[in-house]
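Trainee: Sequence and predicted structure are below.
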Amino acid sequence: MVETPAGRFVLKLRGAGEGVPALIAEILVGELAERLGLPVPERALVELDPAFESDDKNDELADLLARSVGLNVGLRLLDGAREPRPEELARLDDDFALRVLWLDGLTQNLDRTPANPNILFWNRRPWLIDHGAALSFHYDWSGVTEASPREPTSYAAHVFGERAPLLRRHDEAFARLVSAHALDAMVERIPTEFFQTGETPERGRAAYAAFLWKRLKAPRPVIAA
């Protein structure tokens, strides 16, 4: 957690194990969630100065902070938020659950399970958090083929997986919320500094937009077989 002039943020560090791709996922999935009317914490770019000092004197944290000098992604702290109980998740209405399923299917997010739903209750609402594991394709661009964006989605381990059969009746309405123009605007939010040396930001952003747009083409692979 970091204190900034704009308030407290939970900082996703570029020097952590998943690296910069996890920060890009937080930006893009957060943007997509908001397009779908789902609440996610505010995101902000936070510059970590080499002279940054931490109240925690743990050596491992110091090493991590040293590897994270530069631009990172902050997520607004939901002060007082709590983890929901299983029965509370089960009581959430279909409209919310299906939007979450569709979002996770589109972004290939497998990290929303009953054991780890990555949902917090704050201000009497469920909020989605921690999307660093989504968009797994960007960890190995060399392995991406024309068929990769069409890989089918499995909701077997998803916290709302039992509701997946209901997705078909809402698929078209959700897809209309994410236009090609909207995707282009989302990828423009990826900072230039997050692209690898030798990779032009224009090509990098275009690759994300193309992958997601192909995934949005009907019949969409977000619908469980």
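Mentor: It's in. Residues are numbered from 1 along each chain as shown.

Trainee: where along this protein do the helices fall?
Mentor: 19-35, 59-67, 86-91, 94-106, 171-175, 180-187, 201-216 (DSSP state H).

Trainee: Among these, which comes closest to residue 121?
Mentor: helix 86-91 (7.1 Å; CB to CB). (C-beta placed from N, C-alpha, C; glycine too.)

Trainee: Adding distance to residue 163, write the helices of the chain out as a markdown table.
Mentor: Shown next, in a markdown table, are these (distance: least, CB to CB, whole Å):
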| stretch | distance to residue 163 |
| --- | --- |
| helix 19-35 | 18 |
| helix 59-67 | 38 |
| helix 86-91 | 10 |
| helix 94-106 | 5 |
| helix 171-175 | 13 |
| helix 180-187 | 25 |
| helix 201-216 | 20 |
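
Trainee: Pick out the shakiest of the ones you listed, pLDDT-wise.
Mentor: With a mean of 83, helix 59-67 has the lowest mean pLDDT of the helices of the chain.

Trainee: in it, what's buried?
Mentor: 64, 65 (16 or more other CB atoms under 10 Å).

Trainee: so that helix versus helix 19-35, what angle?
Mentor: Orientation of helix 59-67 against helix 19-35 (axes from the mean of the first three to the mean of the last three CA atoms, to 10 degrees) gives an angle of 80 degrees.

Trainee: Give me the contact list for helix 59-67.
Mentor: 13, 14, 15, 16, 48, 50, 52, 54 (CB atoms under 8 Å, 6 or more residues apart in numbering).
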